[in-house]
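Asks: Show me how the following folds:
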Amino acid sequence: MQNDILQKKAEYFKALSHPTRLRILELLTKGEYCVCEEICVCDLLRELRLEQSNVSQHLAVLRKQGIVTARKQGMKVLYSIKNPKVYEVIDYVSKIIKQEIMDDVTLVEQLKTTVKKSV
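Replies: This is a model prediction of the structure:
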């Protein structure tokens with residue numbers, strides 16, 4: 001049972017671990033975007049500048065994990081976030097990365113000061 005839960009968590013994080021999928025989620029914060037089944041220029045395709053098949057594969061990964069949901073509207077499929085709490089995870093990771101960058105900048109500044117003193 002514990003291993004099943006850990007596997008599910010790992011798969012969820014794996015779905016979030018691709019830059020294109022993170023960008024899709026960023027774009028979906030603005031509301032639903034259309035990914036047409038036909039060869040047409042839709043919002044996500046235009047923003048991502050990727051082939052329709054590539055975007056569809058990324059959306060399939062996100063759908064499989066229940067991160068996004070889709071609904072048909074005529075010839076279009078509209079995607080939206082299933083649970084907005086996913087943004088809390090993304091925001092928290094962003095804060096961690098920001099802190100690490102700030103720590104690195106502080107370390108570089110300290111190194112510069114140490115080098116100046118020794119010269």
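Asks: Which elements pack onto the strand or helix carrying Tyr92?
Replies: Per DSSP states H and E: Tyr92 is located in helix 86-118. Where contact means 3 or more Cβ pairs under 8 Å, 6 or more residues apart in numbering; DSSP states H and E, helix 86-118 is packed against helix 2-16, helix 19-28. The way it works is simple: take the backbone N, C-alpha and C, and place the C-beta from them, glycine included.
Asks: redo that, cut-off 7 Å
Replies: Contacting helix 86-118 under the criterion 3 or more Cβ pairs under 7 Å, 6 or more residues apart in numbering; DSSP states H and E are the following elements: helix 19-28.
Asks: And the residue nearest the centre of this structure?
Replies: Computing the C-alpha centroid of the chain and ranking residues by Cα atoms, centre = their mean puts Leu22 first, at 1.3 Å.
Asks: OK, contacts around it?
Replies: Going by Cβ atoms under 7 Å, 6 or more residues apart in numbering, Leu22 touches Leu16, Ile90.
Asks: try it again with 10 Å
Replies: Going by Cβ atoms under 10 Å, 6 or more residues apart in numbering, Leu22 touches Leu16, His58, Ile90, Val93.
Asks: Among these, the buried ones, what's the PyMOL command?
Replies: Filtering these down to the buried ones (16 or more other Cβ atoms under 10 Å) takes a single PyMOL command:
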select buried, resi 16+58
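Asks: Now the two most distant members of the contacts of Leu22.
Replies: Spatial extent of the contacts of Leu22 (Cβ to Cβ) is set by the pair His58 and Val93 at 18.4 Å.
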